Structures are given as structure tokens and as C-alpha cells.
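Participant: no sequence on hand, only this structure:
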């Protein structure tokens, strides 16, 4: 059983004294109502439902992180779907409220959002009676603000996720540009510039397709066709890593068929999102098992290992990811650029053989202090990586963090 609250130490390594944190989440102990932490870093603000959409907050929730090199300690209660947002510069992030209340969050997909031209990013966390779980994420985009995590437990043991080095976005952008020069697939269209011409962020392929629905159309078609052909005459075995154990499927009539249900050929959009087409709207009777199967198929397609590995994810090895063509080069580049190779780069990036994964998560049932470093760690020495197990749903499907919906 964890304590009612926990401290988080936030280090400002941005080189600027104009750096801010903002903490949002759902109050587990008050019917999952939205909450913020106010500018003092400890007072909880639970906004009431406004009468009008797009209503400003009634409290200041921008937590100043002080001068370069300083550490600010904040305190949070137990919460779900939490995020620690960060921004730099004199313009702070704007959060609004819709009736409900529902939090209107900053968006990288809405060019009319007042936050669009601000340098910002976030990490995710859940703190409940069982554990603290936090991760760095690139599922939506890569920010110019590197974020690193270190979790200390009550026994003195630590877990780390080192994140990007300082200037990591520039490296990601350079590699995306190089990849596009090689295959002309559209990777350069993921690079977003500010109005002054500076680089704001690099979108994930899924986010890029929200901005331009034609982006990457047909990109995975040849690979999917080969995989469906291969498994029309050979078994595909998938370890659900849950109560259903290892299940076997084959392609029949253009459908990849398991006892629990079928998967049609996914499009590039389905593969990048991991949640549309055949990876969404599962029948209620087999929803959980189909979700476990779909997560592992989607992960293998993003990493281009489905053809080479008929036992998913049992035989998976990180060294074999992204070796075939086509593949999710955004994910490849993100992992190459991160100091320890860890961090969510697509929604099921925590799928893998049993053991440490690539998710960039830290978690413990006896947490003492979470340290979040903004701007890149003080040292780029290799780290020991994240935890040794995955946080999973009861059905064994790796948890994607619960995000607030605006």
C-alpha cells in the first residue's frame, strides 16, 4: 500500500530560468475528477464544471522550475492518467475547461491552438495504492525538451529512463531527413517548424497522418501482403502473455484467423495507430483476447519482424527490430537517439518477449521519490534501463497510459 501522496523532484537542466511544469490527472479518490497542482507545487486544484466551453482556469497551475541547475520538489496525491507537462520561454502553456469539467489540453495537431508555437512536452504517470508508474513517451511527438526519469524506492534501489540527450530533437530531425532522402516516403513531413523557422517538434507517423491523411498511404502494403501469403500455408503462433497462453492462427480467405476472431489486412494508418481497422472494434465476446493478439501483431508490423518470426513475441530480440523494409523508421530513430534506447515510440512499444522492454518506464510498489530531469541528464553515461517487468491489464495486454480527454 503506497502513501496518500508522493514527492517528485524536478531538475531544470534546460539552460533557462523560464521553465515551467504543469501537473494534470484524474483524482482516483474523488470519482476520477480532473485535478491540477497549483503553482506552489503542492496545493490541489479540482476545477468545477464551467457553464461555457473554453473557460480559463481559476487558478495558476504553472510551477516555476527556477534557475538552471535548480531542483523543485512538488507533491502529488494518488492519481490516474497523469501527466507532467513542461514548457520553456516567457509564454506559459494554456489549459482550458469545457463543461463536465473536461480539460482542454495543449495540442500538437491543432495549428490554431494557442500553445502550438510553444516548446513543450510531457511525461506520463499513474500513482495509485499499488504503485507509482511513470514513462517517457514519443507516441505523439518528439519534443525539443528532453525528459529523464529516476525512481528511488524505500529500499534505496533506483530505476532510470534516460531519455534524449540535450539537442536530441535535432538528431531525430537529421535522421528523418536522411531517411526521406533514401526512400522518399514522407518522413520529412513529420518535422514541424515554428513561425520563426526553428524546429518545434517531430511528429510520430500516426500524428503526421492526422495532419495529412494521405501521408504513408500504402507504405506497409508489400510487407503485409507477404506476411498474409506466408501465413496462409504456415502457422503464426502468438503468446498472449496472459490466461489464453499461446494461440495459433492462419490466413484463410485473406483473413488472419484465430479461434477468438480474425484480422483483415491492416493499412499503414492501422499499423501506426495500433487501434484502427483490424486493430479496433473487437467483438465483445472476445475483446480482451483479440486485444492481446492485436497488440502483438501491430508491434511486429511496426518493427517489421512478423515475416521473420513466426512465434510472436517469444523469439523477439531488440537487435532484430527495424531491419526489414518497410519499417517504422520514426520508432527506429527515436530508440537510436535515446541515451539508453528506451521510450514509447508507438502505442504498443512495450510488447516484447518476457523481460525488460523498450518502454522507458519506471515503476515500484514502494516508491519514495521520483526525479524528473528536464533538458537532458547531467551525464550521458549509459544507464541500467527501466524496470524488469511490464505493467499490464488483468488480461495481460500491456497498458497504454490512460490519457486525459479534452
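Facilitator: Received it, and whenever you're ready, just let me know what you need. As the structure is a computational prediction, the values presented were derived from the model and not from experiment.
Participant: hmm, who's touching whichever helix or strand residue 82 is part of?
Facilitator: Element membership for residue 82, per DSSP states H and E: strand 79-88. With contact meaning CB atoms under 8 Å, 6 or more residues apart in numbering, strand 79-88 is reached by 8, 10, 14, 16, 18-28, 32, 35, 76, 93, 106, 115, 118-128, 145, 147, 372, 374, 401-404. To be clear about C-beta, it is placed using only N, CA and C from the backbone, and glycine gets the same treatment.
Participant: helices or strands next to the helix or strand following it in the packing?
Facilitator: For strand 79-88, the following helix or strand on the C-terminal side (DSSP H and E) is strand 96-98. Strand 96-98 is packed against strand 55-56, strand 102-104, with contacts defined by 3 or more CB pairs under 8 Å, 6 or more residues apart in numbering; DSSP states H and E.
Participant: report the buried residues of strand 96-98.
Facilitator: Residues of strand 96-98 classed as buried: 96, 97 (neighbour count, 16 or more other CB atoms under 10 Å).
Participant: and for stretch 227-240?
Facilitator: Those would be 227, 228, 231, 236, 238, 239, 240, for stretch 227-240 by 16+ other CB under 10 Å.
Participant: quick check: end-to-end length of that stretch?
Facilitator: Start and end residues of stretch 227-240 are separated by 19 Å (CA to CA, to the nearest Å).
Participant: show me how far it is from its chain's centre.
Facilitator: Remark: stretch 227-240 is offset 28 Å from the chain centroid, using CA atoms, centre = their mean, to the nearest Å.
Participant: beta partners for the residue nearest the centre of the chain?
Facilitator: The centre of the chain sits closest to residue 137, judged by CA atoms, centre = their mean, with a distance of 3.3 Å. Judged by DSSP bridges, the bridge partners of residue 137 are residue 344.
Participant: isn't it right next to residue 124, touching?
Facilitator: Yes - the criterion here is CB atoms under 8 Å, and residue 137 meets it with residue 124 at 5.7 Å.
Participant: dump the residue contacts of residue 75.
Facilitator: The contact partners of residue 75, taken as CB under 8 Å, 6+ apart, are 5, 6, 7, 8, 37, 41, 42.
Participant: burial count for residue 331?
Facilitator: 25 (other CB atoms under 10 Å).
Participant: okay, and it sits in which element?
Facilitator: Using DSSP H and E, residue 331 maps to helix 329-337.
Participant: just give me how far that helix sits from the chain centre.
Facilitator: Centroid separation for helix 329-337 versus its chain: 13 Å, with CA atoms, centre = their mean.
Participant: immediately after it, which helix or strand?
Facilitator: strand 361-364.
Participant: list the neighbouring strands of that following strand plus their orientation.
Facilitator: Using DSSP bridges, strand 361-364 pairs in its sheet with strand 132-136 (antiparallel).
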